[in-house]
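Engineer: When you get a sec, could you give me coordinates for this:
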Amino acid sequence: MDAVNETSGTTEHNGLTHLRQDGTAQMVDVSGKAVTTREATASATVRSTAEVLALLGAGELPKGDALAVARVAGIMAAKKTPELIPLCHPLPISKVTVDFELGADSVGILATVKTRGVTGVEMEALTAASVAALSVYDMIKAVDKHAVLTDIRVLAKSGGKSGDWAVAGSAQGEAGA
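Structural biologist: I've put the predicted structure just below:
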């Protein structure tokens, strides 16, 4: 079943906006969408040992200050998202933050991306959190080859026609996104 998307005027295949009538991939036409302020927060977790987390928190890993490196890696990744995700639109990113919360056996990563544009920044937030987690792993692998990356997900988004959304129980959900 093919339909014309009322918002963008593009033809959808089976209700999927990234497929043309013939089933091939397309970049969605967002030219008819309103420019709004949009923000998304995503998270990732790196699980390791208490000993490694102590080194990480003290900045005493063999490779240096892993959290500083991971923060910059996450910010850079958000800006490169359309180069990594084939159908993702390039956006004028106005802000990226990458924060860490050290736990007893894990480091939580929160990445928030903001833009003023016609489509959301969920992919940029997910990419920032994922690459920050990969960077933490790269920095700790010399002392823990068994570290695990997990729980990569969008926690909240705001802006656009579909409005605000947040995972129940997350800090963003409790604050009302």
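Engineer: can you count the residues close to residue 67?
Structural biologist: Residue crowding around residue 67 was assessed by other C-beta atoms under 10 Å; the count is 22. Where C-beta positions appear, they are placed from N, C-alpha and C, glycine not excepted.
Engineer: in a helix, that's where it is, yeah?
Structural biologist: Yes. Secondary structure of residue 67 (DSSP: H, G, I helix; E, B strand; the rest coil): part of a helix.
Engineer: got the contact list for it?
Structural biologist: Residue 67 makes contact with 56, 59, 100, 107, 136 under the criterion C-beta atoms under 8 Å, 6 or more residues apart in numbering.
Engineer: one more time with 7 Å
Structural biologist: 56, 100 (C-beta atoms under 7 Å, 6 or more residues apart in numbering).
Engineer: The one 4 residues further on now?
Structural biologist: Shown here is residue 71, whose contacts under the criterion C-beta under 7 Å, 6+ apart are 98, 132.
Engineer: try residue 86
Structural biologist: With contact taken as C-beta under 7 Å, 6+ apart, residue 86 is in contact with no other residue.
Engineer: sec struct for it, please.
Structural biologist: In the three-state summary, residue 86 is assigned as coil, counting by three-state DSSP.
Engineer: how close does it get to residue 25?
Structural biologist: With distances taken as C-beta to C-beta, to the nearest Å, residue 86 is found 8 Å from residue 25.
Engineer: Just give the nearest non-adjacent residue to residue 85, would you?
Structural biologist: Of all residues beyond its chain neighbours, the one nearest residue 85 is residue 123 (5.5 Å), with distances taken as C-beta to C-beta, 6 or more residues apart in numbering.
Engineer: can you check residue 134 too?
Structural biologist: residue 149 (7.0 Å).
Engineer: Is the one you found within a helix or a strand, and which one?
Structural biologist: For residue 149, the enclosing helix or strand under DSSP states H and E is strand 148-158.
Engineer: can you give me the helices for the chain?
Structural biologist: According to DSSP state H, the chain carries its helices in the segments 50-58, 66-84, 122-140, 171-174.
Engineer: rewinding a little: partner strands of the strand holding residue 149, with direction?
Structural biologist: Taking DSSP bridges as the criterion, strand 148-158 pairs within the sheet with strand 36-47 (antiparallel), strand 165-166 (antiparallel).
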